[in-house]
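1. based on what follows, work out the 3D shape:
(one chain, ligands or ions: 1)
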Amino acid sequence: MLGLMQDWPLLCHRIIDHAATQHADRPVISRSVEGPMHRTTYAEIRQRALRVGQRLERDGIRLGDRVATLAWNTWRHMECWYGILGIGAIYHTVNPRLFPDQIAWIVNDAEDRILLTDLTFVPLLESLADKLPTIARYVVLTDAAHMPKTTLKNAVAYEDWIASVDGDFAFKEFDENTAAGMCYTSGTTGHPKGVVYSHRSNVLHSMIASMADAMGVSSRDVVMPVVPMFHANCWGMALTGPMNGATMVMPGQRMDGASIYELLNDYRVTCTAAVPTVWLMLLQHLESTGSRLPYLDRVVIGGSACPRAMAQRFQDDYGVNVIHAWGMTEMSPLGSLCSLKPEYAELDGEAKLNVQAKQGHPPFGVEMKITDDSGRKLPWDGRTFGRLKVRGPAVARAYFKGEGGNILDEEGFFDTGDVATIDRYGYMQITDRSKDVIKSGGEWISSIDLENLAIGHPKVAEAAVIGVRHPKWDERPLLVVVLKKDETLGKDEILGFMAGKIAKWWMPDDVVFVDEIPHTATGKIQKTTLRDRFKDYVLPTAEAAE
Ligand code: AMP
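-> This is a model prediction of the structure:
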């Protein structure tokens, strides 16, 4: 027997319909790319999204067509998402931090038809346009007054483009499994792979992200996604905010400490999210100016491991709760968040930080397991590490065009490429990427644990650990350190600081100090480049062993 409930497809544009009905006047405040702050409401965003949809149809865009965006977090970018979604076209967020050739590659692979761009990227696109044959029109997200002279094909200022239709339009209804958005994974080897979200997966993911033990977003919140809309689906926040009627603050392109602080303070942001690099800049700004964070309730930190010292400073020095989170583009992207279950809720001090160093527990809608290389399940004892695999309604089952073949195991789980432990309360902790884990004498050493420890030294700005070839142990850890400005530090001092906090055999065999550590387009440490650079490095212990 089937249930007798209504068939109400989970369509993303229903989120903006709801926001415009229930939270019509709630502000959406953006730092515009042109410079000044801009204020609008959910009701206006919906009105203008209808025009985007109407205008896209006039430009020949239909169900299933891809529309690229190369844009920062602003109200216009949000309108574009909902306008595209509302006609069943697919938003394809392109990461402007990729190499130009990679940008061309993914736009071609996705066969994008129209490209919506911020002013910032017009020169980049002009230099690439010859390589983008599928793009029939470029829309520059600005008004006529700021529209530059450009050679881009059929270029038009966004405000003129949407003003050319009357807005008498209705969003479409279709199957909830219809594709909604696309985002390419950075892919450290080979070509990037396209992840394709559906309306259903995006709506479910937004509901999952809203739950109290996840981001716990309500209409009383002022939410600021610093994480860009082009990075892993904006961690769902461009959908989660409107779904809950939260006030939104969109930071545009300026993500330095002072600019982020200004928005947090002026607009009384209560909940924000970004990668650790952003929070490092904010904390440096707070320290150098003596500023406080009186309104911020919680900060979601993910994308790479949240250093323990960062969690401690937010909580102890500024009274801001830290939610360490883990996820990936393939998971829409949230996989786990580190809110405290009753078993851990009473902890404080070091014991609490120990738990918060974990990436947390999966919300309803994400199943996890850890296995060995043969696929055998490993115990949840908080010590045994294995390959982390996930399953759920907002987890990819395949890549665009079948790239990479079958990506699920026989139980339908996706291998995340991360290595993790899970403790008896279900808290997962990433110990490494499977390709970054250091294999020493048949045992695994977690590069992330060592990095977190090194970064806890007050003179260290950034640290990376890679495995370097060793004649006896196969691989041994090499610690690569960037010092804070004007600081000096010796190898023995940093190793002395780490000693006693980890097993002896985990201690790095050597330390090198560098000016800069390379990062990927999504702000992660680029281990492949570091490994290349140090591939012939001879460890002092290697010489002794030979
Ligand atoms: P992306 O799809 O670009 O967001 O990258 C996803 C990958 O980032 C994951 O598979 C992890 O390796 C890494 N990652 C994300 N969040 C964390 C975290 N909190 N701690 C450690 N690694 C993380």
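2. closest point of the stretch 101-250 of the chain to the ligand, which residue?
-> In the stretch 101-250 of the chain, the residue that lies nearest the ligand is Ala232 (4.2 Å; CB to the nearest ligand atom). Where C-beta positions appear, they are placed from N, C-alpha and C, glycine not excepted.
3. that residue: how many residues sit nearby?
-> 26 (other CB atoms under 10 Å).
4. got the phi/psi numbers for the nearest residue to it once chain neighbours are set aside?
-> Distances taken as CB to CB, 6 or more residues apart in numbering place Pro333 nearest to Ala232, at 3.9 Å, with adjacent residues excluded. Per-residue torsions, Pro333: phi -120, psi 0 (degrees, to the nearest 10).
5. OK, contacts around Pro333?
-> Pro333 sits next to Ala232, Asn233, Trp235, Gly236, Gly327 when contact means CB atoms under 8 Å, 6 or more residues apart in numbering.
6. what's the separation between the last one and the ligand?
-> Right, the one you point to is Gly327. Using CB to the nearest ligand atom, to the nearest Å, Gly327 is found at 6 Å from the ligand.
7. so that residue sits right up against Trp235, yeah?
-> Yes - under the criterion of CB atoms under 8 Å, Gly327 makes contact with Trp235 at 7.1 Å.
8. how about the least confident helix or strand in the chain by mean pLDDT: buried residues?
-> Here the helix or strand of the chain ranked lowest by mean pLDDT, DSSP states H and E is helix 540-545, holding a mean of 78. Neighbour counts over helix 540-545 (16 or more other CB atoms under 10 Å) mark Thr541, Ala542 as buried.
9. ok so, going back, which residues are common contacts for Gly327 and Trp235?
-> With CB under 8 Å, 6+ apart as the test, Gly327 and Trp235 both reach Gly302, Pro333, Leu334.
10. now these in JSON lines, with pLDDT and distance to the ligand?
-> Converted to JSON lines, those look like this (pLDDT from 0 to 100; distance: CB to the nearest ligand atom, whole Å):
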{"residue": "Gly302", "pLDDT": "95", "distance to the ligand": "4"}
{"residue": "Pro333", "pLDDT": "97", "distance to the ligand": "6"}
{"residue": "Leu334", "pLDDT": "98", "distance to the ligand": "10"}
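11. just give me the neighbour total for the residue nearest to Arg313 when sequence neighbours are not counted.
-> For Arg313, ignoring the flanking residues on the chain, the nearest one in space by CB to CB, 6+ apart is Leu283 at 5.7 Å. Number of residues near Leu283 (other CB under 10 Å) recorded here: 18.
12. next secondary structure element downstream of the strand or helix carrying Leu283?
-> Under the criterion of DSSP states H and E, Leu283 resides in helix 276-289. Remark: after helix 276-289, the chain's next helix or strand is strand 298-301, criterion DSSP H and E.
13. contacting residues for the residue in the stretch 1-150 of the chain positioned nearest to the ligand?
-> Taking CB to the nearest ligand atom, the ligand has its nearest neighbour within the stretch 1-150 of the chain at Asn95, 9.2 Å off. Going by CB under 8 Å, 6+ apart, Asn95 touches Ile103, Tyr184, Ser186, Pro228, Phe230, His231, Ala521, Thr522.
14. if we go to 10 Å?
-> By CB atoms under 10 Å, 6 or more residues apart in numbering, the residues touching Asn95 are 70, 102-103, 106, 183-184, 186, 192, 228, 230-232, 520-522.
15. what about the longest helix seen in the chain, distance to the chain center?
-> In the chain, assigned by DSSP state H, the helix with the most residues is helix 42-58. A distance of 27 Å separates the centroid of the chain from that of helix 42-58, by CA atoms, centre = their mean, to the nearest Å.
16. any idea of the mean pLDDT in it?
-> Averaged across helix 42-58, the pLDDT comes to 98.
17. buried set for that helix?
-> For helix 42-58, a neighbour-count test (16+ other CB under 10 Å) marks 42-57 as buried.
18. return that helix as PDB; C-alpha atoms alone will do.
-> Output of helix 42-58 as PDB, limited to C-alpha atoms (Å, rounded to 0.1, in the frame of the first residue of the first chain):
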ATOM      1  CA  TYR A  42      14.000  37.800  -0.100                       C
ATOM      2  CA  ALA A  43      10.800  39.200  -1.700                       C
ATOM      3  CA  GLU A  44      12.900  41.300  -4.100                       C
ATOM      4  CA  ILE A  45      15.400  38.500  -4.700                       C
ATOM      5  CA  ARG A  46      12.500  36.300  -5.800                       C
ATOM      6  CA  GLN A  47      11.100  39.000  -8.100                       C
ATOM      7  CA  ARG A  48      14.400  39.500  -9.800                       C
ATOM      8  CA  ALA A  49      15.100  35.700 -10.000                       C
ATOM      9  CA  LEU A  50      11.800  35.400 -11.900                       C
ATOM     10  CA  ARG A  51      13.200  37.900 -14.400                       C
ATOM     11  CA  VAL A  52      16.400  35.900 -14.600                       C
ATOM     12  CA  GLY A  53      14.400  32.800 -15.500                       C
ATOM     13  CA  GLN A  54      12.200  34.700 -18.000                       C
ATOM     14  CA  ARG A  55      15.200  36.300 -19.600                       C
ATOM     15  CA  LEU A  56      17.200  33.000 -19.800                       C
ATOM     16  CA  GLU A  57      14.200  31.400 -21.600                       C
ATOM     17  CA  ARG A  58      14.200  34.300 -24.100                       C
END
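19. unless I'm mixing things up, Val482 is touching Asp515, no?
-> Yes - with contacts counted by CB atoms under 10 Å, Val482 reaches Asp515, the gap being 6.8 Å.
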